[in-house]
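Asks: quick one, what's the 3D model for this:
(2 chains)
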Amino acid sequence: MKAYITESVKKRMMELLLTFCMVTTGSVFVCAVYNKVFWPQGTFLESDILWQLLALAFVCSLGNFIHSYREISRRRAVFNKGLHYVYINVVVLGCGYWFEWMDIENISMLAVMMLGILVVFAVVSYVIWKLHARESENLNRKLREYQQAVEKAPQSV
Amino acid sequence: MKITIQDIAPGEEEEIIVRCRDLDEALLRMIYELKTRRGKFTVTDNDKIRQIDAGDIYYFEAVDNKVFLYLEQDVFEVRYKLYEIEEGYANTDFFRASKSVIINLAKVKQFAPDFGGRFEAQMRNGERLMVSRQYVPALKKRLGM
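Replies: I've put the predicted structure just below:
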């Protein structure tokens, strides 16, 4: 049981790290696009923005804890995904307001920010899904090997 | 072939040791039968007693404190708890996929990705069962990953 818990904690940490890296990359990309759109003539960015993006990525990664390891229905899993998306929006828009990345009364800034969130969320979700699909391919390959080995040991009297 | 039976002390685990030069088909069959213990489940089919071979079972499912075994087409209730089946058939083709289901890996056609880190086991008879996220590491270990 202890070994399982350690394995499960390890897996959680790896997932958090992967999410952190992907969100950091996505945030930098959105930041670049955002600045190009609203300040096409160029702008000066303070170094604080880098720490803010890292902090944002970290807090966004904590959203992984919405997805429990407990058994839940597919409906609940879909609901959790939606909840995760809302969480990300709250975190990013909250950071946008707190760190003064945007004027919250400027509808176009808000729209671009929300579009950026949607794109990054979709890309991260897609990457995770592809990794999961690759995992299932590996499982199927191992399943075939297992079944071939079992066929050599007849199963009934 | 020589067969030796030894008495053991109370509390000591029963053990079978097979000493051989090569593992031929007959020995493999014997080992497999030993591993699946009885190898058969007794069920009631229209007031008739029927013996179900473990190899024909697709999966077990616990519903409302009852356990059912599923064949390709038929379903029968069995008088075992899921944990008893899990323990009795440990290290065989039967694998605990979730809190309420034990699947026969030999009857799985393929695994498909599902929401929330789970996998869907698509059985050879067309049925689809869920492998819960918490049981995925055990599945990987069973398949040698």
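Asks: every contact and neighbour count from this point should use C-alpha atoms.
Replies: Fine.
Asks: the longest helix seen in chain A near chain B anywhere?
Replies: Counting residues, the longest helix in chain A under DSSP state H turns out to be helix A:107-151. Yes - using C-alpha under 8 Å from any C-alpha of the partner chain, helix A:107-151 reaches chain B at A:129, A:132-133, A:136-137, A:139-140, A:142-143, A:146-147, A:150.
Asks: what packs against that helix?
Replies: Under the contact definition 3 or more C-alpha pairs under 8 Å, 6 or more residues apart in numbering or on different chains; DSSP states H and E, helix A:107-151 sits against helix A:2-38, helix A:74-98, strand B:108-113.
Asks: cutoff 10 Å now
Replies: helix A:2-38, helix A:74-98, strand B:108-113, strand B:119-123, helix B:136-142 (3 or more C-alpha pairs under 10 Å, 6 or more residues apart in numbering or on different chains; DSSP states H and E).
Asks: now do the buried residues in stretch B:138-145.
Replies: Within stretch B:138-145, the residues scored as buried using 16 or more other C-alpha atoms under 10 Å in any protein chain shown are B:138-139, B:142-143.
Asks: using JSON lines, lay out those together with distance to chain A and pLDDT.
Replies: What follows is these, written out as JSON lines (distance: C-alpha to the nearest C-alpha, whole Å; pLDDT from 0 to 100):
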{"residue": "B:Ala138", "distance to chain A": "9", "pLDDT": "91"}
{"residue": "B:Leu139", "distance to chain A": "9", "pLDDT": "93"}
{"residue": "B:Arg142", "distance to chain A": "9", "pLDDT": "89"}
{"residue": "B:Leu143", "distance to chain A": "6", "pLDDT": "90"}
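Asks: of all pairs in these, which one is the farthest apart?
Replies: Pairwise distances across these (C-alpha to C-alpha) peak at 8.6 Å, for the pair B:Ala138 and B:Leu143.
Asks: give me the most central residue, chain B.
Replies: B:Phe94 (2.6 Å; C-alpha atoms, centre = their mean).
Asks: what's the closest non-adjacent residue to that residue?
Replies: B:Asn104 (4.5 Å; C-alpha to C-alpha, 6 or more residues apart in numbering or on different chains).
Asks: ok, B:Phe60 next?
Replies: Distances taken as C-alpha to C-alpha, 6+ apart place B:Leu69 nearest to B:Phe60, at 4.4 Å, with adjacent residues excluded.
Asks: rewinding a little: export the helices and strands packed on helix A:107-151 to CSV and tack on distance to B:Ile5?
Replies: Output for the helices and strands packed on helix A:107-151, formatted as CSV (distance: least, C-alpha to C-alpha, whole Å):
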stretch, distance to B:Ile5
helix A:2-38, 36
helix A:74-98, 52
strand B:108-113, 38
strand B:119-123, 41
helix B:136-142, 32
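Asks: weakest of those by average pLDDT?
Replies: Mean pLDDT values for those show the minimum at helix A:2-38, a mean of 85.
Asks: next SSE after the one helix or strand B:Ile52 maps to?
Replies: Using DSSP states H and E, B:Ile52 sits in strand B:48-53. Per DSSP H and E, the first helix or strand lying C-terminal to strand B:48-53 is strand B:59-63.
Asks: what are the buried residues along the helix or strand immediately after that following strand in the chain?
Replies: Counting by DSSP H and E, the next helix or strand C-terminal to strand B:59-63 is strand B:66-70. Buried positions in strand B:66-70, judged by neighbour count with 16+ other C-alpha under 10 Å: B:67-70.
Asks: try stretch A:110-129
Replies: For stretch A:110-129, the neighbour count (16+ other C-alpha under 10 Å) marks A:110, A:112-113, A:116-117, A:120-121, A:124, A:128-129 as buried.
Asks: gap between it and the chain center?
Replies: 9 Å (C-alpha atoms, centre = their mean, to the nearest Å).
Asks: mind saving the C-alpha coords of it as CSV?
Replies: Only the C-alpha atoms of stretch A:110-129 are listed here, as CSV (Å, rounded to 0.1, in the frame of the first residue of the first chain):
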residue,chain,number,x,y,z
LEU,A,110,-10.4,40.9,-22.0
ALA,A,111,-11.5,39.0,-25.2
VAL,A,112,-7.9,38.4,-26.4
MET,A,113,-6.9,37.2,-22.9
MET,A,114,-9.9,34.8,-22.8
LEU,A,115,-9.1,33.6,-26.3
GLY,A,116,-5.5,33.0,-25.2
ILE,A,117,-6.7,31.0,-22.2
LEU,A,118,-8.9,28.9,-24.4
VAL,A,119,-6.2,28.2,-26.9
VAL,A,120,-3.6,27.3,-24.2
PHE,A,121,-6.1,25.1,-22.4
ALA,A,122,-7.1,23.3,-25.6
VAL,A,123,-3.5,22.7,-26.6
VAL,A,124,-2.5,21.4,-23.1
SER,A,125,-5.6,19.2,-23.0
TYR,A,126,-4.8,17.9,-26.5
VAL,A,127,-1.2,17.1,-25.6
ILE,A,128,-2.3,15.3,-22.4
TRP,A,129,-4.8,13.3,-24.5
